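Novice: Following is a predicted model, sequence given first.
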Amino acid sequence: MSDFYYRKLDAYNLSKQFVIQVYELLREFPEYEKYALCDQLRRAAISIPSNIAEGAGRMAIKERIHFYDIAYGSLTETLCQLEISRDLNYINDEQFSFLENTASRISMTLIALKKSLQDKINKQQ
């Protein structure tokens with residue numbers, strides 16, 4: 001495995017773009033949300049590619065799976081907060097739908113990554 005292998009992962013690249021899209025939307029949120037919902041959304045979103053990168057850097061397969069699970073949890077947390085943002089009319093249905101579709105694609109890639117690693121564990125047993 002080469003250094004910085006995570007950069008080749010679809011899950012990483014998709015989630016990095018997702019973070020950028022979320023950050024761009026947050027510029028339009030009300031100022032009073034800057035240290036509340038915006039801050040929480042930033043942390044949850046940035047956690048997705050960060051945990052994918054950290055997981056890919058682990059040598060033990062079970063550790064990789066653990067970090068991909070954390071990334072998945074951060075993805076669902078971000079989606080929940082985006083739903084709340086839509087309900088508060090900070091983003092519109094079209095913006096939410098676009099981000100939800102991207103989140104779905106990230107979800108599928110994370111599930112596939114985890115499955116491939118789980119298959120490796122099963123073959124070793």
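Specialist: That came in fine, so what should we check first? What you see is a predicted model, and the numbers here were worked out from it, not measured in a lab.

Novice: Show me what the lengthiest helix in the chain is packed up against.
Specialist: Taking DSSP state H as the criterion, the chain has its longest helix at helix 93-124. Contacts defined by 3 or more C-beta pairs under 8 Å, 6 or more residues apart in numbering; DSSP states H and E place helix 93-124 against helix 10-26, helix 61-87. C-beta: built from backbone N, CA, C; applies to glycine.

Novice: which helices and strands sit right next to the first one?
Specialist: If contacts are counted by 3+ C-beta pairs under 8 Å, 6+ apart, helix 10-26 sits against helix 37-56, helix 61-87, helix 93-124.

Novice: Specify the stretch among these that is closest to Gln21.
Specialist: helix 93-124 (6.3 Å; C-beta to C-beta).

Novice: What are the buried residues along the closest one?
Specialist: 95-96, 99, 102-103, 106-107, 109-110, 113-114, 117 (16 or more other C-beta atoms under 10 Å).

Novice: again, but for stretch 22-34
Specialist: 22, 25-26, 29, 33.

Novice: want to try CSV for those residues, with pLDDT and distance to Ile46 as columns?
Specialist: Listed next are the buried residues of stretch 22-34 as CSV, based on pLDDT from 0 to 100; distance: C-beta to C-beta, whole Å:
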residue, pLDDT, distance to Ile46
Val22, 98, 9
Leu25, 97, 14
Leu26, 97, 12
Phe29, 97, 16
Glu33, 95, 17
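
Novice: can you put the residues you listed in CSV and add distance to Arg86?
Specialist: Formatted as CSV, these follow (distance: C-beta to C-beta, whole Å):
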residue, distance to Arg86
Val22, 13
Leu25, 11
Leu26, 13
Phe29, 12
Glu33, 13
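
Novice: tell me the SS of Asp3?
Specialist: Three-state assignment for Asp3 (DSSP: H, G, I helix; E, B strand; the rest coil): coil.
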